[in-house]
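Participant: Sequence isn't available, so here's the structure alone:
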């Protein structure tokens, strides 16, 4: 099987993030594989081990994204591709990423593409489904189980606390949800092997694209941190007085009534 994983570098949200001038400060920030993409990498390796073939991880990003690709290789992926847009594009959006990936997959033989359900930085959840539409692939989002028998695929899909069971066929694109598997940690032998595994670097010129083809359709106006959580307030007195005070607070201070 020819299995591909769409991977994105994201900020580590467990580390402190600093916002200045409407942008996140990169200096000193920690970057990781988007956590939902880790489920995709793990599932790709599992399916390869069960059915044969190879796993290729692909990312659209800057030169520093090589670190996250090497991590995926250390987990067990076979090959990696970095489509480096650092010098060609100042900014992009989901449309930009999808157009680049569409060009990349144009001449590829693909059985299965896996991606994270969402990226934790922007959380649009658009790249996987939009790419599948352009490639003419069936797709299923938020999967929690994947079984392949020949060309037939049985999927369990998370539907807000319930499970939907679907049957489809290859080639296929799926996006992966928490609960699908438990991503492995790269082992020391895996890390050593990853240094020798192929990592191809492309630019948009290599895909016969220019800047106008992938110009972003959206623009980020501002980025800001949520307000700090206020301390709780304890209402005292008779129950009727507490109710009146609560209604007054909700109406006049919080403006929710």
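Facilitator: That came through fine. All of these numbers come straight from a predicted model, not from anything done at the bench. Numbers count the residues shown, from 1 in each chain.

Participant: And the strands in the stretch 151-257 of the chain?
Facilitator: For the stretch 151-257 of the chain, the strands defined by DSSP state E, counting those that start in this stretch cover 152-159, 162-169, 172-176, 199-202.

Participant: So for residue 106, which of those strands sits nearest?
Facilitator: Nearest to residue 106 among the strands of the stretch 151-257 of the chain is strand 199-202 (12.6 Å), distances taken as C-beta to C-beta. The way it works is simple: take the backbone N, C-alpha and C, and place the C-beta from them, glycine included.

Participant: Just after the lowest-mean-pLDDT helix or strand in the chain, pick out the following helix or strand.
Facilitator: Least confident helix or strand of the chain, by mean pLDDT, DSSP states H and E, is strand 23-24 with a mean of 73. From strand 23-24 onward toward the C-terminus, using DSSP states H and E, the following helix or strand is strand 31-33.

Participant: List the residues that contact the residue nearest the centre of the chain.
Facilitator: The residue lying closest to the centre of the chain (C-alpha atoms, centre = their mean) is residue 119, at 3.6 Å. Applying C-beta atoms under 8 Å, 6 or more residues apart in numbering to residue 119 gives the contacts 8, 10, 34, 36-37, 127.

Participant: top of those by neighbour count?
Facilitator: residue 37 (30 neighbours; other C-beta atoms under 10 Å).

Participant: that's a helix at that one, yeah?
Facilitator: Yes. Under DSSP: H, G, I helix; E, B strand; the rest coil, residue 37 falls within a helix.

Participant: so what's it closest to, chain neighbours aside?
Facilitator: Excluding its sequence neighbours, the residue lying closest to residue 37 (C-beta to C-beta, 6 or more residues apart in numbering) is residue 116, at 4.0 Å.

Participant: which residues touch that neighbour?
Facilitator: The contact partners of residue 116, by C-beta under 8 Å, 6+ apart, come to 6, 8, 34-40, 175-176.

Participant: Now residue 99. Its backbone dihedrals?
Facilitator: Dihedral pair for residue 99: phi -60, psi -40, per degrees, to the nearest 10.

Participant: give me every residue that touches the closest residue to it other than its chain neighbours.
Facilitator: Distance criterion C-beta to C-beta, 6+ apart; nearest residue to residue 99, sequence neighbours excluded, is residue 214 at 4.8 Å. By C-beta under 8 Å, 6+ apart, the residues touching residue 214 are 89, 92, 95-96, 99-100, 204.

Participant: and what of residue 132?
Facilitator: Counting by C-beta under 8 Å, 6+ apart, residue 132 makes contact with 113, 138-139, 173.

Participant: Narrow the residues you listed to those that are buried.
Facilitator: Neighbour counting with 16 or more other C-beta atoms under 10 Å marks 113, 139, 173 as buried within the contacts of residue 132.
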